[in-house]
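Chemist: got a sequence here, can you model it:
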Amino acid sequence: MNGLAVLILAAESGVKQTRWAESAVPKQLIQVRGEALLARTLRLLAERGVQAPWLLTASEALASYPVPSWCPLQRETKAHSLLAAEAVTAAGDLLVLYSDVYYSEAAIDTILASQGTRFYGRDGRSAYTFKDYGELFAVRIADADRGRARDALERAIRFYQDTGNQSFWSFYRLMAGLPLSDSKAIERRVFVDIHDETDDVDFVEEVPLLLAAIDKPLSWRLRHLVRRLSLANKRRRDRARGLSGGALEAV
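Modeler: Residues are numbered from 1 along each chain as shown. As a prediction, this is how the structure comes out:
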């Protein structure tokens with residue numbers, strides 16, 4: 001796609017990596033219905049005209065994929081990696097994907113079709129994988145916002161150094177004009193909701209939940225219905241408290 005640089009982040013060296021320490025393979029290479037997570041993402045991009053995304057990684061196994069790869073020197077958090085990536089990205093819009101996310105085809109279509117600076121994710125509990133917290137799945141930074149994004153990334157790194165909080169939600173809050181201290185705030189101007197089987201994989205035990213969300217057996221369908229009803233009731237309670245036009249939960 002002309003004018004769009006695509007980065008896939010797989011370089012973090014911080015504490016999040018310890019969640020996967022007992023697995024025999026990097027989490028980006030776990031097989032989901034016979035296809036590794038990273039291979040799936042690359043295939044979905046190629047099918048949509050993205051031919052040479054940059055893979056930011058320190059792993060020889062991941063760097064063996066037939067796409068340009070680069071290892072950022074500073075990679076303790078996603079903010080570190082993305083800030084360092086200016087070394088390999090030209091002017092234009094920048095799309096950032098995660099290497100450990102299972103993207104549905106609809107999610108990839110939504111992400112690639114959007115314009116301007118956008119954050120794509122789920123702002124709370126999942127009715128598909130049944131996680132009880134929100135997730136960010138991708139970020140698009142418009143060319144006109146690259147300078148502002150650089151400042152926000154530097155602030156996010158300082159926030160991490162001061163607090164130990166390496167969540168990429170801090171970058172979202174800074175770009176959206178929200179206070180870093182409010183971990184539950186969501187504003188809808190730059191946030192695009194993706195609520196389907198798309199999810200990232202942090203722990204080995206989450207893989208069966210992802211597979212169930214993809215295959216949708218009867219036991220999953222019953223649990224899905226209960227969760228959807230619960231989320232609908234929460235939205236009604238929020239509206240009753242006058243929150244429908246304000247902040248919504250994002251953990």
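Chemist: from here on, just use CA atoms for contacts and neighbour counts.
Modeler: Noted.
Chemist: how many other residues sit next to residue 52?
Modeler: Residue 52 has 17 neighbours, counted by other Cα atoms under 10 Å.
Chemist: spatially, which residue comes closest to it, not counting chain neighbours?
Modeler: residue 67 (5.7 Å; Cα to Cα, 6 or more residues apart in numbering).
Chemist: give the contact list for that neighbour.
Modeler: 52, 53, 54, 55 (Cα atoms under 8 Å, 6 or more residues apart in numbering).
Chemist: contacts for the least confident helix or strand in the chain by mean pLDDT?
Modeler: Sorting the helices and strands of the chain by mean pLDDT, DSSP states H and E puts helix 60-63 at the bottom, at a mean of 87. With Cα under 8 Å, 6+ apart as the test, helix 60-63 has contacts from 28, 55, 57, 69.
Chemist: export the residues you listed to a markdown table and tack on neighbour count and secondary structure?
Modeler: As requested, those are exported to a markdown table (neighbours: other Cα atoms under 10 Å; DSSP: H, G, I helix; E, B strand; the rest coil):
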| residue | neighbour count | secondary structure |
| --- | --- | --- |
| 28 | 21 | helix |
| 55 | 26 | strand |
| 57 | 22 | strand |
| 69 | 22 | strand |
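Chemist: between those, which is nearest residue 100?
Modeler: Distance to residue 100 across these (Cα to Cα) is lowest for residue 28, with 4.9 Å.
Chemist: for stretch 56-76, buried residues please.
Modeler: 56, 57, 58, 62, 63, 69, 70, 71, 72, 74, 75, 76 (16 or more other Cα atoms under 10 Å).
Chemist: give me the mean pLDDT for the lengthiest helix in the chain.
Modeler: When the chain is parsed with DSSP state H, its longest helix is helix 218-240. Helix 218-240 comes out with an average pLDDT of 92.
Chemist: pull out the buried residues from it.
Modeler: 220, 221, 224, 227, 231, 238.
Chemist: ranges for the strands of the stretch 151-251 of the chain?
Modeler: 191-193, 199-200 (DSSP state E, counting those that start in this stretch).
Chemist: packing partners of the last one?
Modeler: Think strand 199-200. strand 101-102, strand 135-141 (3 or more Cα pairs under 8 Å, 6 or more residues apart in numbering; DSSP states H and E).
Chemist: which parts of the stretch 51-200 of the chain are helices?
Modeler: Under the criterion DSSP state H, counting those that start in this stretch, the stretch 51-200 of the chain contains helices at 60-63, 78-84, 105-113, 146-163, 169-176.
Chemist: so can I have a markdown table of the ones you listed showing distance to residue 5?
Modeler: Converted to a markdown table, these look like this (distance: least, Cα to Cα, whole Å):
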| stretch | distance to residue 5 |
| --- | --- |
| helix 60-63 | 18 |
| helix 78-84 | 12 |
| helix 105-113 | 11 |
| helix 146-163 | 12 |
| helix 169-176 | 19 |
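Chemist: wait, which of those is closest to residue 210?
Modeler: helix 105-113 (14.9 Å).
Chemist: and the closest one, how far out from the chain middle?
Modeler: Distance of helix 105-113 from the chain centroid (Cα atoms, centre = their mean, to the nearest Å) equals 13 Å.
Chemist: angle of it against strand 135-141?
Modeler: 30 degrees (axes from the mean of the first three to the mean of the last three Cα atoms, to 10 degrees).
Chemist: and helix 105-113, what's buried?
Modeler: Neighbour-count burial for helix 105-113 [16+ other Cα under 10 Å]: 107, 108, 111.
Chemist: which one of those residues sits closest to residue 81?
Modeler: Using Cα to Cα, residue 111 comes nearest to residue 81 of the buried residues of helix 105-113, at 20.6 Å.
Chemist: that closest one contacts residue 120, doesn't it?
Modeler: Yes: with contact defined as Cα atoms under 8 Å, residue 111 counts as touching residue 120 (7.2 Å).
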